[in-house]
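[1] fold the following, please.
(2 chains)
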Amino acid sequence: MLKNSISTALIALLVFSISFNTSAKGPGDKAEDFSLSGTDDSKYNLTDGLNNSKNGVIVIFWSSECPWVQPYNDRINDYVKELNGNGFTVWAINANNTESIEDVKSHAAKNGYAFPMLKDVNNTVADMLGATRTPEVFMIAKDKTILYHGRISDNRYKADQSVYDLGNAASEVSSGKEVSVKETKSFGCGIKRVGQE
Amino acid sequence: MKRLKAKVFLLSLIILSAVQVLQAQEVKPLNSTDDIKGVFDGTKGKVTLLNFWATWCKPCVKEFPDLLKLQKEYNDLGFELVFISLDAPEELDSTLRPFLSKQGIDFTTYYSTFAKPEDLIDFVDKNWQGAIPSTYIYDKEGNLSKSFLGVKSYEEFEKEIKKLL
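    Numbering: from 1, shown residues only, chains lettered A, B, ... in the order given. Below is the predicted model of the structure:
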């Protein structure tokens, strides 16, 4: 009887742990350390990235195919330059199992991305942060606290964009202020995880 | 005279078919939460499956035939399928309508024209971050029974629908 109760409790704990580990992280939560390879064959480690940045690391889940990502190609390099100026290191992460490293590398070269493109082959980082779509942003402070989570801006098309949420959050942090809008939502392409078709 | 009658009859048939095709391909915009409330009002008393999709979303297109099959199998038993496309409104005639026509859609479908997409996202599910495909199944009273993120099989959807019918 006791054995059964312990087993049930352990199973319940295991289920809780699994759901906890895969739930989405948001503002105030802590990111866990990770290392990924970039399309430039370099290794990128979160702790190192945070140590080498003034204000933190911004990761943007990216896709070479998603129509909600591609319209940002006309201004993402400018945004990254501005974010770097505000003391943030910026990495794009491709976690789609439908896009090979070669595809990602070729797409990055074609678009002249001036920022590292990391490949999350087993969705480890997407699972750790609970990322579900592209584009999806996590702004991580030097102590690994998530400061901002959500969209890049309120519209994928530059002409229709009125609020640049990510830029606003970075400017606030750079000015020593608290991020006023910590979480936003937008439609996006679901991340195609390993095991999903 | 007989020939004229036959021509009139044939013409009537053609016009009728054209009207039916136009009706079959009715694609309505959803601009506000009131619009989507109106859609829910229209499905009261039925088990409803709400699917967010887009023509360019490969997983969405992959599960599309399974969802249509569910509509064919269970519509007469009190099941209603509601598609909400997230294709850009300017691609309605060039992309969305041709796709729906090719799929043989014979019921009204919808596309989002929300100025603030987060209003639609939060109205449907506050825990949803906006990734598609995303599917929601409601019971006959309009209560959310099950949500699915990502592509799912016919059997997974059918299991939930059968429970509620």
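[2] please give me every residue in contact with the residue nearest to residue B:153 when sequence neighbours are not counted.
    Spatial nearest neighbour of residue B:153, chain neighbours left out: residue B:66 (6.8 Å); criterion: C-beta to C-beta, 6 or more residues apart in numbering or on different chains. C-betas here are computed from N, CA, C, even on glycine. Contacts for residue B:66 (C-beta atoms under 8 Å, 6 or more residues apart in numbering or on different chains) come out as B:153-154, B:157.
[3] may I have the phi/psi pair for the residue in chain A that chain B sits nearest to?
    Here chain A gets closest to chain B at one residue, residue A:133, 3.5 Å apart by C-beta to the nearest C-beta. For residue A:133, the backbone dihedrals (degrees, to the nearest 10) come out as phi -140, psi 170.
[4] so how far is residue B:162 from the residue nearest to residue B:153?
    Per C-beta to C-beta, to the nearest Å, residue B:66 is found 15 Å from residue B:162.
[5] before we move on, the earlier item: what comes up buried for the helix or strand hosting the residue nearest to residue B:153?
    Using DSSP states H and E, residue B:66 falls within helix B:58-74. Using 16 or more other C-beta atoms under 10 Å in any protein chain shown as the test for burial, helix B:58-74 gives B:59-61, B:63-64, B:66-68, B:70-71, B:74.
[6] make CSV out of the residues you listed and add distance to residue B:52.
    CSV is the format used below for the buried residues of helix B:58-74 (distance: C-beta to C-beta, whole Å):
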residue, distance to residue B:52
B:59, 12
B:60, 8
B:61, 13
B:63, 11
B:64, 12
B:66, 15
B:67, 12
B:68, 16
B:70, 16
B:71, 16
B:74, 20
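[7] all helices of chain A, in order?
    A:2-22, A:46-51, A:76-85, A:101-111, A:124-129, A:165-174 (DSSP state H).
[8] which one of these has the lowest average pLDDT?
    With a mean of 41, helix A:2-22 has the lowest mean pLDDT of these.
[9] and which of the buried residues of helix B:58-74 is nearest to residue B:132?
    residue B:60 (6.0 Å; C-beta to C-beta).
[10] burial count for the nearest residue to that closest one once chain neighbours are set aside?
    Closest residue in space to residue B:60, ignoring its immediate chain neighbours: residue B:53 at 3.6 Å, by C-beta to C-beta, 6+ apart. By other C-beta atoms under 10 Å in any protein chain shown, the residues close to residue B:53 number 22.
[11] excluding chain neighbours, what is closest to residue B:46?
    Residue B:46 sits nearest to residue B:80 (C-beta to C-beta, 6+ apart), 4.3 Å away.
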